[in-house]
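[1] Pasting the sequence and the predicted model now:
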Amino acid sequence: MPRRRVIVAITGASGAIYGVRLLQHLRAAGGIETHLVLSATGAINAHEELDLKRGAIEALADVVHAAGDLGAPIASGSFIASAMVVAPCSARSLAAIAHGLGDNLVGRAADVCLKERRRLILLFRETPLNLAHIRNLEAVTLMGAIAMPPVPAFYQRPRTIEELVDGTLARVLDLLGIDIDIARRWEGLGAPR
């Protein structure tokens, strides 16, 4: 049985840890072929926020595509991928996806997911929201994407940044249909911790 393919894009918003840890969890899950698109500003932010260089992030993926390579396999609907996650998703990337701009591989691969009716999850990292953000979030939602700002769940009582991030990524993995126990699930009031 062929491995499932998941595309991960890391763009220039703050929150590179979401994309990096997602790649780590997908590798740990096994049986998943990851395709990474790391934008130039995504690499800059990852270095600033995590002290990671581009090569260290690229080493977490099975296949790496340059953000400017519009001839990459993931730019075509004939390339079978089960999903794409943009983590984090910058306001620029959100706008490009909302308006069908395929001027880089992030936008084009996302457009392919939308046109092929494949799962597209956008961890939009911006606050507060202006009207353009709200309208772009509405547009991508109407097109079938899942707009998922990484809002932490504190009932999990995270003690570290990684636990806080994993709380969000557990939900992403659920949306991908990948069962990995990385965060506590809500069991109701009074449930043991």
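    Yep, that arrived. Numbers count the residues shown, from 1 in each chain.
[2] so where's this structure uncertain?
    Scanning the chain for pLDDT under 70 picks out the ranges 1-2, 192-193.
[3] contact partners of the longest helix along it?
    The single longest helix within the chain, with elements called by DSSP state H, is helix 161-176. Helix 161-176 has contacts (CB atoms under 8 Å, 6 or more residues apart in numbering) with 6, 17-18, 21-22, 25, 29, 82-83, 85, 87, 119, 121, 123, 146, 148, 150-153, 156, 158, 179-180, 182-183, 185. From N, CA and C alone the C-beta is placed, and that goes for glycine too.
[4] Phi, psi for Gly190 please.
    phi 80, psi 0 (degrees, to the nearest 10).
[5] before we move on, what about Phe124?
    phi -70, psi 120.
[6] and it, how many residues sit next to it?
    Neighbours of Phe124 under the rule other CB atoms under 10 Å: 24.
[7] List the residues that contact it.
    13, 88-89, 91, 94, 133, 137, 147-149.
[8] which of these sit farthest apart?
    Greatest spatial distance among the contacts of Phe124 (CB to CB): Ala91 and Met148, at 15.1 Å.
[9] on that earlier part again, may I see the buried residues of the longest helix of the chain?
    164-173, 176 (16 or more other CB atoms under 10 Å).
[10] hang on, the earlier thing: just the ones in helices from the contacts of helix 161-176, please.
    Reading helices off these with DSSP H, I get 17-18, 21-22, 25, 29.
[11] what number of residues lie near the closest residue to Asp69 other than its chain neighbours?
    Closest residue to Asp69 apart from its sequence neighbours, by CB to CB, 6 or more residues apart in numbering: Leu105 at 5.7 Å. Neighbourhood size, Leu105 [other CB under 10 Å]: 23.
[12] What of Leu189?
    6.
[13] Kindly report the same for Ile74.
    For Ile74, the tally of surrounding residues (other CB under 10 Å) stands at 24.
[14] Show me where this protein has its strands.
    Residue ranges of the strands in the chain, as given by DSSP state E, are 4-10, 32-38, 63-65, 83-89, 119-124, 146-147.
[15] For the last one, which helices and strands make contact with it?
    For strand 146-147, the helices and strands in contact under the criterion 3 or more CB pairs under 8 Å, 6 or more residues apart in numbering; DSSP states H and E are strand 119-124, helix 131-143.
[16] Ranking the ones you listed by mean neighbour count, which comes first?
    Burial of those is given as mean neighbour count (mean count of other CB atoms under 10 Å); strand 119-124 ranks first at a mean of 23.
[17] Next, the angle from it to strand 4-10.
    20 degrees (axes from the mean of the first three to the mean of the last three CA atoms, to 10 degrees).
[18] ok, back up a step: any idea which of the helices and strands packed on strand 146-147 gets closest to Ser39?
    Once these are compared by CB to CB, strand 119-124 is nearest, at 14.1 Å.
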